[in-house]
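Asks: Return a 3D structure for these sequence lines:
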Amino acid sequence: MKNLKLLIIICIALVGMFIISCNPESLTNLNKNPDQIENIIPEYSFTAAQFDIIPIQNRALNQGMQFYSSYKEVPAVGDKFYNFETSGNFNRYRTELNRLMQITDALKDDPNNVNKLAAIEIMRVYHFQILTDQMGDVPYSEAMQGIANRKPKYDTQKSIYLGMLSQLEKAINSMDASKPNVFGKADIFFNGNIDKWKRFGYTLMLRLGMRLSEVEEGTARQWVEKAAAGGVIKSIDDIVYIQYADISGQTNPRSDYLIRMDYSAPGGDNVEGGKYTKKFIDHLKNTRDPRLYVLSCVWVPLGTTPPTYRADTVAATQRGMLSGSVNGRPSDFDTYSEPSLLYLDRGRPIVTFGHAEAYLLLAEAALRGWNVGISDAEAYEKGVRAAMELWKLCPDVAPHTGVIPESAVNAYLARNPYVGGSFEEKLEQIATQYWVSMFDNEFEVWCNWRRIKLPVFNYANWTNTDGSLSSYPGNVTGGKMYRRYSIPTNEETLNPDNYKEALARQGFLESTRDMLLTRVWWDTQARGNGQSNTN
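Replies: Residues are numbered from 1 along each chain as shown. You can find the predicted model right below:
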């Protein structure tokens, strides 16, 4: 009898345990990853979003803007314009822009988050600027609506620009010093400082406003003067940059890319055969620019077992490869200049918005007669000084240092003073300085070049059998630098009607080389193409 009672008790306990184990909530919890965060943490996501806004890296743009050259037929448009495909992508919609949208959704209902939401909007405008400057008309007003609208329309670039400028102004004006700051220590740019965020926003407004200078000068002037009055970045203490470290997981992604793709070891046959261009090195040498020592070296062989090299930094030794002029490793390959170990250092910073860019854009605006609170000559000189100052943020890597003495900067400006003369002569000097000063941001150099077509590049350096010069044989653009990226071709399947309408509106088809050469809205023909194609 006792055994029967014990058996009954055991059965009841087992049934109870079974009932508990069948609780739907308990079963659901079995599928949860205890190490996974299910709800967004705005501070963490905001920090991650800041890492997303570093300048995009594009090997073909670096070669097209004649910073780098190669002896190979590289698998991209490159310096030989050999490959047809130069594709943009819509990944920003599902990555960077989606992250910002999620943070906004988590914060939007609390009026105390006004400064955080404004900072998010500034970053959102930055990403849309990249998208439209790559591809022209893209989804904007109907973008990011999820299943509510899986086939958003493509807005005109004009409407996108006007929308971005309006949103920037709204975001900046909404910032309130009496409310909590911008994410505090989670803000790796400014540690929550609202004034610095405003300067960031106004500098982005300046960049966008100047983009319209050739297509709608009145609109451009309105926004540029508004940005200048609001206060743009004018000090190295206010720049937007990320400092990296040569530690696993903390390295500079641009340096990682260059090392992985081409410069894995000093000297020898680089993976993609890349060197600096003749135009870039000759300009630095001819102007006796102290940045030559910071950026460039020639690797001199010392021994063969094992191969060892010495970094030669003497200015007279530096030598650039002529773009699009060679196919096959030249016998004198080792005598050409390539990036210094300081520039390749995985611990150097990346500047997204600096005072050099701001001053040089203000110099051009002042040259156009706009009221920006500074003369073109003064802004130009400050832009040069700012550009050289930025390199001191880099760790020294012997034999190079990024610290350029003030005496060297003064001597450079004395040798290369801001010119008198015509509007065009002054504009060329400002644009050329922008090209050199924005060396680490090839995308913005490309945008600025498309806008004002300066400096002028030559892409006809191939020597034919009769001795004449031409662009590289078989190139896909007729020797012309491309002026846009293609829209992702899967849009033809996912959003066909809006895709085709956008292409037709802009006057090109994806199946033709016009895809690469048709201009975006603000890239007018008034100043030509920006290339000479003569030796």
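Asks: Could you use CA atoms for every contact and neighbour count after this?
Replies: Will do.
Asks: Contacts only, for the nearest residue to Asp187 once chain neighbours are set aside.
Replies: Closest residue to Asp187 apart from its sequence neighbours, by C-alpha to C-alpha, 6 or more residues apart in numbering: Thr47 at 6.1 Å. The contact partners of Thr47, taken as C-alpha atoms under 8 Å, 6 or more residues apart in numbering, are 186-188.
Asks: Present those residues as CSV; the columns should include distance to Asn286.
Replies: Formatted as CSV, those follow (distance: C-alpha to C-alpha, whole Å):
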residue, distance to Asn286
Ala186, 45
Asp187, 42
Ile188, 39
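Asks: What subset of those residues is buried?
Replies: With burial judged by 16 or more other C-alpha atoms under 10 Å, the buried subset of these is 186-188.
Asks: where do the helices sit along the stretch 101-250 of the chain?
Replies: 114-135, 157-174, 194-211, 217-230 (DSSP state H, counting those that start in this stretch).
Asks: For Leu516, which of the ones you listed is the nearest?
Replies: Nearest to Leu516, of all the helices of the stretch 101-250 of the chain, is helix 114-135, at 9.7 Å by C-alpha to C-alpha.
Asks: What are the contacting residues of the closest one?
Replies: 53, 88, 90, 92, 96-97, 100, 104, 107-108, 138, 140, 157, 160-161, 164, 167-168, 171-172, 174-176, 179-183, 194, 197, 201, 204, 208, 447, 484-487, 520.
Asks: shaky segments in this protein?
Replies: Applying pLDDT under 70 to the chain flags residues 1-38, 74-77, 84-85, 510-514, 534-535.
Asks: and the longest strand for it?
Replies: The single longest strand within the chain, with elements called by DSSP state E, is strand 296-304.
Asks: Check which helices and strands it sits against.
Replies: Judged by 3 or more C-alpha pairs under 8 Å, 6 or more residues apart in numbering; DSSP states H and E, strand 296-304 is in contact with strand 307-312, strand 338-339.
Asks: Distance check, the residue sitting nearest the centre point of the chain against Gln429.
Replies: For the chain, the residue nearest the mean C-alpha position is Pro55 (2.2 Å; C-alpha atoms, centre = their mean). Going from Pro55 to Gln429 by C-alpha to C-alpha, to the nearest Å gives 24 Å.
Asks: Likewise for Asn91?
Replies: 36 Å.
Asks: hang on, the earlier thing: for ChimeraX, what selects the buried ones among the contacts of helix 114-135?
Replies: To isolate the buried subset of the contacts of helix 114-135 in ChimeraX, counting by 16+ other C-alpha under 10 Å, use the following:
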select :53,88,96,97,100,104,138,140,157,160,161,164,167,168,171,172,175,176,180,181,182,183,194,197,201,204,208,447,484,485,486,487,520
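Asks: Leu463 against Gly324, yeah?
Replies: Not Leu; residue 463 is Thr. No. Thr463 is beyond contact range of Gly324, at 9.7 Å (criterion: C-alpha atoms under 8 Å).
Asks: Those two - which one has more neighbours?
Replies: Gly324 (31 against 16; other C-alpha atoms under 10 Å).
Asks: In this model Thr352 seems to touch the residue nearest to the centre of the chain, though I could be wrong.
Replies: Yes. Contact criterion C-alpha under 8 Å: Pro55 and Thr352 qualify, at 6.0 Å.
Asks: Find residues that contact each of those two.
Replies: Asn441.
Asks: Could you pull out the strands in this protein for me?
Replies: 68-70, 240-242, 274-276, 296-304, 307-312, 338-339, 350-353, 462-463, 469-470.
Asks: For Gly146, find the nearest of those strands.
Replies: Judging the strands of the chain by C-alpha to C-alpha, what sits closest to Gly146 is strand 350-353, at 29.6 Å.
Asks: quick one on the thing from earlier: quick one, which of Asn91 and Gln429 is more surrounded?
Replies: Between Asn91 and Gln429, counting by other C-alpha under 10 Å, Gln429 is the more crowded of the two (19 against 12).
Asks: Tell me how far the more buried one lies from Trp223.
Replies: 24 Å.
Asks: And for Val182?
Replies: Distance from Val182 to Trp223, by C-alpha to C-alpha: 25 Å.
Asks: Please apply the same query to Gln63.
Replies: 32 Å.
Asks: Gly231 too?
Replies: For Gly231 relative to Trp223 (C-alpha to C-alpha), the value is 12 Å.
Asks: And for Phe508?
Replies: Taking C-alpha to C-alpha, one finds Phe508 at 31 Å from Trp223.
Asks: Would you mind telling me which of those two has more residues around it?
Replies: Trp223 (23 against 18).
Asks: Grab the nearest non-local neighbour of that one.
Replies: Trp223's closest residue in space is Gly209 (C-alpha to C-alpha, 6+ apart), at 5.3 Å.
Asks: how deep is the one you found tucked in, by neighbour count?
Replies: Neighbour number of Gly209 under other C-alpha under 10 Å is 26.
Asks: which ones are touching it?
Replies: 165, 219-224 are the contacts of Gly209 under C-alpha under 8 Å, 6+ apart.
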